[in-house]
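Q: Dropping the sequence and predicted coords here.
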Amino acid sequence: MDITFHGATKTVTGSKHLVTTRSNKRILLDCGMFQGLGKDTYELNSHFGFDPMSIDFVILSHAHIDHSGLLPRLVKEGFEGKIYTSEATTDLCDIMLKDSAHIQLADAEYVNKIRASQGRKFIEPLYTTEDVEMTLDLFETVQFGETVVIDDEVSFTLIDNGHILGSAAIYLELNEDGLKTRLTFTGDIGRYGTQLLPDPKSFPQSDVIICESTYGDRLHDDLDNAAQQVLDAIIDTCERKQGKLIIPAFSLGRTQELVYTLNRLNVFGLLPKVKVYVDSPLSVNATEIVRKHKDLLNEQVQEFCETQPDPFGFDQLSYIRQVEDSIRLNSIKEPCVIISASGMAEAGRVKHHIKNSISDPKNTILIVGYAEPLSLAGRLRAGDKEVNMFGKTYPVRADIKIVDSYSAHGDYKEMMRYLSCQNPSEVRELILVHGEPESQKAWKEHLHGRGFSSIRIPGQHETYRFS
């Protein structure tokens, strides 16, 4: 068996891991898009490093675009196999990949206007909505805990890992010439005791583990503090300063968690009487899918729904779909909270809200969770005094506040808890992906301290062979 790493190597985006068996069966674990890597992003997304037509099937861990976003590109370039994933992930990919296709088209049009003025060659969108429709036809739904037998050589199981709705670790059993190998790809490891999702489930003993490492070098703030930090930001911005609180948030997961937090604050009479807007059609659609799959949420949410049927709706909250309504938010003068995608503030409506708010000291930009360092949210987290948006430089005069408790990724203690189901002496190889180099280095040291002996960190397109 060979494993070649075509993404999420020493970075947190572009997840793509290609397993090739001795009989040359080729299994792709995730097919994610690179995001937030500046001028290199388009080129990285344009070339897989392998022939899409050679892939037998894909197993998808979850719907986030850095894990699913290049599936339509894969199909566009000739892939015709099945894409196995959970039911909730299938529903979410329906909306997220279509949204991504619209972004590809808009980005290409914007770049080509600039290239036209420079006499340079035009770029093509990575894929179209037609490519997305063809991709969705290839999805095959798998239940958590169900063992799917492909043939005598390959079987796999999806195991709920608590990262987002429908997310899974992928446990593969490979039988090659009588030699059995147990391979687990953790996907993005979720957290314990979150507001919405059940705790990550343990997975069977494995010989080889491909493990994420996003927060291998840090600990999160206590989850119990998150609601208070958000409430403090609302009170400070909307009541004391009479300004706007802008929250860049991923459409899936982070937005629903924030809305649920505000709903609970409202039920307990703690939320100030200010308008709250969720301004993202994708966020609205994703919230509908989370409502549809309420059975996947944790017991606390189920109990909350017994008295409050909609965990994602309350009187002060409005969901914004139309562009003209979004534009109108920039002209209103009264204090309000605007939750808008994307979480890294690299695209979407939130970038316009930040542009219109960032130079006014009475406003606040609240960053919730991880952001790629080169992204707009990452630069604001880092304390940049001015930022460039839409070809113009803006001074940062608004307050920048950070709440890390909402991360959907486990910190190093939570990831270690997740791996505690394993006997380290039986793990032949632990491979670290989906993390920045410093985080991976620290995570590797923590793992060595727990008895995992052989730990490797692959480079882009690097292949590991297991005999």
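A: Yep, that arrived.

Q: show me where pLDDT drops low in the stretch 101-250 of the chain?
A: Judged against pLDDT under 70, the stretch 101-250 of the chain has no low-scoring part.

Q: Spell out, range by range, the helices that occur in it.
A: 129-136, 226-234 (DSSP state H, counting those that start in this stretch).

Q: Kindly report the same for the stretch 251-400 of the chain.
A: Under DSSP H, counting those that start in this stretch, the stretch 251-400 of the chain gives helices at 254-267, 281-292, 299-307, 323-329, 349-357, 376-381.

Q: about what we covered before: out of the helices of the stretch 101-250 of the chain, the one nearest residue 392 is which?
A: Evaluated with Cβ to Cβ, those place helix 226-234 nearest to residue 392, the distance being 26.8 Å. From N, CA and C alone the C-beta is placed, and that goes for glycine too.

Q: Tell me which residues are up against the closest one.
A: 221, 245, 258, 261-262, 264-265, 270-272, 274, 337, 364, 366, 401, 403, 405-406 (Cβ atoms under 8 Å, 6 or more residues apart in numbering).

Q: which ones among those residues are found in strands?
A: Judged by DSSP state E, those include 245, 337, 364, 366, 401, 403 as members of strands.

Q: any idea which of these is closest to residue 84?
A: residue 403 (35.1 Å).

Q: circling back to that earlier point, mean neighbour count added to the helices of the stretch 101-250 of the chain, as CSV?
A: Below are the helices of the stretch 101-250 of the chain laid out as CSV (neighbours: other Cβ atoms under 10 Å):
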stretch, mean neighbour count
helix 129-136, 18
helix 226-234, 19
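
Q: Let me have those in TSV, extended by distance to residue 123.
A: Below are those laid out as TSV (distance: least, Cβ to Cβ, whole Å):
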stretch	distance to residue 123
helix 129-136	16
helix 226-234	39
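
Q: and the helix or strand residue 444 falls within, what other elements does it pack with?
A: Residue 444 belongs to helix 437-449 when elements are defined using DSSP states H and E. Secondary-structure packing of helix 437-449 (3 or more Cβ pairs under 8 Å, 6 or more residues apart in numbering; DSSP states H and E): helix 412-419, strand 429-433, strand 455-456.

Q: So which residue is smack in the middle of the chain?
A: Among the residues of the chain, the one closest to the centroid is residue 64, at 4.1 Å (Cα atoms, centre = their mean).

Q: so that one sits right up against residue 188, yeah?
A: Yes: with contact defined as Cβ atoms under 8 Å, residue 64 counts as touching residue 188 (7.3 Å).

Q: shared neighbours of these two, anything?
A: Counting by Cβ under 8 Å, 6+ apart, the residues touching both residue 64 and residue 188 are residue 164.

Q: For residue 44, give me its contacts.
A: 14, 34, 37.

Q: Closest one of those residues to residue 160?
A: residue 14 (23.8 Å).

Q: Look up how far residue 36 lies from the closest one.
A: Plainly put, residue 14 is 10 Å away from residue 36 if you go by Cβ to Cβ, to the nearest Å.

Q: Equivalent analysis for residue 371, please.
A: 8 Å.

Q: ditto for residue 152
A: From residue 152 to residue 36 the distance is 42 Å (Cβ to Cβ).

Q: Compare these two (neighbour count), which wins?
A: residue 36 (22 against 8; other Cβ atoms under 10 Å).

Q: give me the number of residues near residue 118?
A: 7.

Q: Among the contacts of helix 226-234, name the buried ones.
A: 245, 258, 261-262, 264-265, 271, 274, 337, 364, 366, 401, 403, 405-406 (16 or more other Cβ atoms under 10 Å).

Q: from those, which is closest to residue 82?
A: Of these, the one sitting nearest to residue 82 (Cβ to Cβ) turns out to be residue 406, at 34.1 Å.

Q: who's in contact with the nearest residue to that closest one once chain neighbours are set aside?
A: Leaving aside its sequence neighbours, residue 406 sits nearest to residue 368 (Cβ to Cβ, 6 or more residues apart in numbering; 4.4 Å). The neighbourhood of residue 368, defined by Cβ under 8 Å, 6+ apart, consists of 247, 248, 249, 254, 258, 343, 402, 403, 404, 406.

Q: hmm, 10 Å instead?
A: For residue 368, the contact set (Cβ atoms under 10 Å, 6 or more residues apart in numbering) comprises 226, 229-230, 233, 247-250, 254-255, 257-258, 339, 343, 377, 401-407.

Q: Likewise for residue 277?
A: 244, 316-320, 325-326, 329, 332, 336-340, 353.

Q: Just grab the bridge partners of it for me.
A: residue 318, residue 338 (DSSP bridges).

Q: how close does it get to residue 390?
A: Counting by Cβ to Cβ - residue 277 and residue 390 are separated by 21 Å.

Q: Which pLDDT value goes with the nearest residue to residue 164 once chain neighbours are set aside?
A: Spatial nearest neighbour of residue 164, chain neighbours left out: residue 253 (4.2 Å); criterion: Cβ to Cβ, 6+ apart. Here the pLDDT value assigned to residue 253 is 89.

Q: Could you measure from residue 253 over to residue 108?
A: 28 Å.

Q: Ok, residue 82 next?
A: 29 Å.

Q: and what of residue 467?
A: 45 Å.

Q: Same question for residue 391.
A: From residue 391 to residue 108 the distance is 17 Å (Cβ to Cβ).

Q: Show me which of these two is the more surrounded one.
A: Between residue 391 and residue 108, counting by other Cβ under 10 Å, residue 108 is the more crowded of the two (17 against 7).

Q: Could you give the number of residues near the closest residue to that one other than its chain neighbours?
A: Spatially, and ignoring its direct neighbours in sequence, residue 108 is nearest to residue 125 (4.4 Å; Cβ to Cβ, 6+ apart). Close neighbours of residue 125, defined as other Cβ under 10 Å, add up to 20.

Q: Alpha carbons only: can I get stretch 236-248 in PDB?
A: Taking Å, rounded to 0.1, in the frame of the first residue of the first chain, the C-alpha atoms of stretch 236-248 are listed here in PDB:
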ATOM      1  CA  ASP A 236     -19.500  46.800  24.600                       C
ATOM      2  CA  THR A 237     -20.200  47.400  20.900                       C
ATOM      3  CA  CYS A 238     -23.900  47.800  20.600                       C
ATOM      4  CA  GLU A 239     -24.800  49.300  24.000                       C
ATOM      5  CA  ARG A 240     -21.700  51.200  25.100                       C
ATOM      6  CA  LYS A 241     -20.300  52.300  21.700                       C
ATOM      7  CA  GLN A 242     -23.600  52.200  19.700                       C
ATOM      8  CA  GLY A 243     -21.800  50.500  16.900                       C
ATOM      9  CA  LYS A 244     -22.000  47.400  14.700                       C
ATOM     10  CA  LEU A 245     -20.600  44.000  15.700                       C
ATOM     11  CA  ILE A 246     -19.400  42.100  12.600                       C
ATOM     12  CA  ILE A 247     -18.700  38.400  13.000                       C
ATOM     13  CA  PRO A 248     -17.100  36.500  10.100                       C
END
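
Q: centre of the chain versus it, how much separation?
A: Centroid separation for stretch 236-248 versus its chain: 26 Å, with Cα atoms, centre = their mean, to the nearest Å.

Q: Next one: residue 68 from residue 94, what distance?
A: Applying Cβ to Cβ, the value for residue 68 to residue 94 is 11 Å.
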